[in-house]
Structure formats: structure tokens, C-alpha cells
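Engineer: Below is the structure, and that's it, no one-letter string:
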């Protein structure tokens, strides 16, 4: 089974990091998403969260908090377990960098600001899902 992590990273102003996936990505090219990645063999989902932030943004995060586990069937990939985490950075995010292979844009916004700017067709699955449920998680 494929396992993936999706992360809600908040800064000191409680704004969320949204990334625009590189147009060169195989999956969801050019769409806005939350930072995410695959869980590797012999890796726990929290370890995957920490690794992904180091690889993609060169930042260390505090202990991830699991919000929800989703299981869905994706055409051509089979069943995928998706773990949604909330995380905080261990240091300032003022000069955040990102891996251009993974993403070509990033912005900190509240969920309300993000959803007022971007339509569902511009976002990945998890952001469409959270548009319907974000109040349940206490996300603003």
C-alpha cells in the first residue's frame, strides 16, 4: 500500500504554507497544494514529515500532530493512505527556500484568504477536501 503525508505548516502569525507544484511534476503539475510526500519503506509517517521539510524547504519542524488519516483509491495507483499533519517550524520562516524541482511558488495565507483567492480547479485533492472540512479542524 502507498502511504503519503500532507502537512499544514503554520508560521508565527498562524498562516499556512501553500505551495504551487512545479509544472514539471508528474502528479498535479502547477496546482496549489500543501507540502506533501511519500512515506518511504521502514519510515514512519512522522519521520516522513520531518524528512520532507528538510528535503523540500531546508527547515526543521517540531513534532507533527496527526489530524486525520484518509484512505482512498486512486486510478492507476491503487489504495493510498494519506496522513494529514499539523506542524510548526523550529526556527523562523522569514527566509524559507524551496526545492524548484518540487515547487515553483509558495505563499503564507490563512485558509480563508487562500480559499478566497483560489478555485478548486487550481488546487489538489486535499485542499478541496479541507475547503469543506477546515472549520472542523479549527483552521482559520
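Structural biologist: That came in fine, so what should we check first? Predicted, not measured: the structure shown is a model, and the values here were computed from it. Residues are numbered from 1 along each chain as shown.

Engineer: OK, contacts around the residue lying farthest from the centre of the chain?
Structural biologist: In the chain, counting by Cα atoms, centre = their mean, residue 76 sits farthest out from the average C-alpha position, at 21.9 Å. Contact partners of residue 76, counting by Cβ atoms under 8 Å, 6 or more residues apart in numbering, are absent. Using the backbone N, CA and C atoms, a C-beta is placed for each residue, glycine as well.

Engineer: What are the phi and psi values at it?
Structural biologist: phi 80, psi -10 (degrees, to the nearest 10).

Engineer: What about the residue nearest to residue 100 when sequence neighbours are not counted, how many residues nearby?
Structural biologist: Leaving aside its sequence neighbours, residue 100 sits nearest to residue 22 (Cβ to Cβ, 6 or more residues apart in numbering; 6.7 Å). Other residues lying near residue 22 total 17 when counted by other Cβ atoms under 10 Å.

Engineer: Tell me the bridge partners for residue 85.
Structural biologist: On the basis of DSSP bridges, residue 85 is bridged to residue 7, residue 66.

Engineer: any idea how far it is from residue 119?
Structural biologist: Using Cβ to Cβ, to the nearest Å, residue 85 is found at 25 Å from residue 119.

Engineer: ok, the two, which is more surrounded?
Structural biologist: Taking other Cβ under 10 Å, residue 85 and residue 119 do not tie; residue 85 has more neighbours (23 against 10).

Engineer: dump the residue contacts of that one.
Structural biologist: Contacts of residue 85 (Cβ under 8 Å, 6+ apart): 5, 6, 7, 8, 45, 46, 49, 64, 65, 66, 67.

Engineer: Thought residue 82 was touching the last one, still the case?
Structural biologist: No - under the criterion of Cβ atoms under 8 Å, residue 67 makes no contact with residue 82, lying 11.0 Å away.
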